[in-house]
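In: Fold the following and give me the result.
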Amino acid sequence: MKGMIMSGMMALCLILGIMAALGNTWLVPEDDEDMDGGYSLTAMHMDMEEDGMCDLMVGMMDGGECDGSVLTWSFSDACETTEEDDPCDMATGGMMGTIGMWAGIVCALMVTLMLVLPMAGIDAMDAMPDMGKMITSWGAGGLMLLGIIGWWMMLPSDGEMAMGMSGMMGIGAALLGLAAAAMDQFMPADE
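Out: Okay, here's the model as predicted:
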């Protein structure tokens, strides 16, 4: 029973982690009337509702790309284009968050395979030493959490943005990964 619960927790950690890493609502405006869009780990996304407004904004900002009416401007491009520190800090924090999230996702995938494959009668992951299993199980949630903390610490402190759905999913994935590792470490298995 413990193995099935841990498998479910780790699979959910994996799914939420992937959705969070690919999501573009890590930060959203506190006041929804300001703009329709948000920040991913690496870029700003704004929905320009009027036709031609996106192309006009790209020309005015000297950067960004239009996908229909959605303007996407990566923080690294904004850092090179502008002389401000905020986009450069966002680019650095986004890189740290992305690395942490994807490293945690890889660990969550390995742990999920270690837990699920034996249930299907496949012993491909049994050769992994116990220390490696413990490191990957703690690494799944821990690396995600470190990436999120690193990203959060690099954010500008203007206070106009709030944590969005992708950020909440990332935190949930990290906590699920850590809870599954703690369950494996500290709860005795049913004999």
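In: Out of the helices and strands in this protein, which is least certain?
Out: Sorting the helices and strands of the chain by mean pLDDT, DSSP states H and E puts helix 53-61 at the bottom, at a mean of 76.
In: can you pull the buried residues of that one?
Out: For helix 53-61, burial by neighbour count (16 or more other C-beta atoms under 10 Å) applies to 54, 57-58. (Glycine included, C-beta is placed from N, CA and C.)
In: Can you name every helix or strand that it contacts?
Out: strand 65-67, strand 70-74 (3 or more C-beta pairs under 8 Å, 6 or more residues apart in numbering; DSSP states H and E).
In: ok now whichever helix or strand comes after the longest one, how far from the chain's centre?
Out: Using DSSP states H and E, the helix or strand that directly follows strand 70-74 along the chain is helix 75-81. Shown here is helix 75-81, whose average C-alpha point lies 21 Å from the average C-alpha point of the whole chain (C-alpha atoms, centre = their mean, to the nearest Å).
In: average pLDDT for helix 75-81?
Out: Mean pLDDT, computed over helix 75-81, is 85.
In: just checking, next helix/strand downstream of it?
Out: That would be, after helix 75-81 and using DSSP H and E, helix 86-116.
In: quick one, that next one and strand 70-74 angle?
Out: 90 degrees (axes from the mean of the first three to the mean of the last three C-alpha atoms, to 10 degrees).
In: which non-adjacent residue is nearest E49?
Out: S69 (6.3 Å; C-beta to C-beta, 6 or more residues apart in numbering).
In: Same check on I171?
Out: I148 (6.2 Å).
In: So I148 sits against A174, correct?
Out: Yes - using C-beta atoms under 8 Å, I148 is in contact with A174, at 6.3 Å.
In: Can you show me the CA trace of stretch 128-135 as CSV?
Out: Extracted in CSV, the C-alpha atoms of stretch 128-135 (Å, rounded to 0.1, in the frame of the first residue of the first chain):
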residue,chain,number,x,y,z
MET,A,128,20.4,1.2,-8.7
PRO,A,129,22.1,1.4,-5.3
ASP,A,130,20.0,2.3,-2.3
MET,A,131,21.9,5.6,-1.8
GLY,A,132,21.1,6.6,-5.4
LYS,A,133,17.4,5.8,-4.9
MET,A,134,17.4,8.0,-1.7
ILE,A,135,19.2,10.9,-3.5
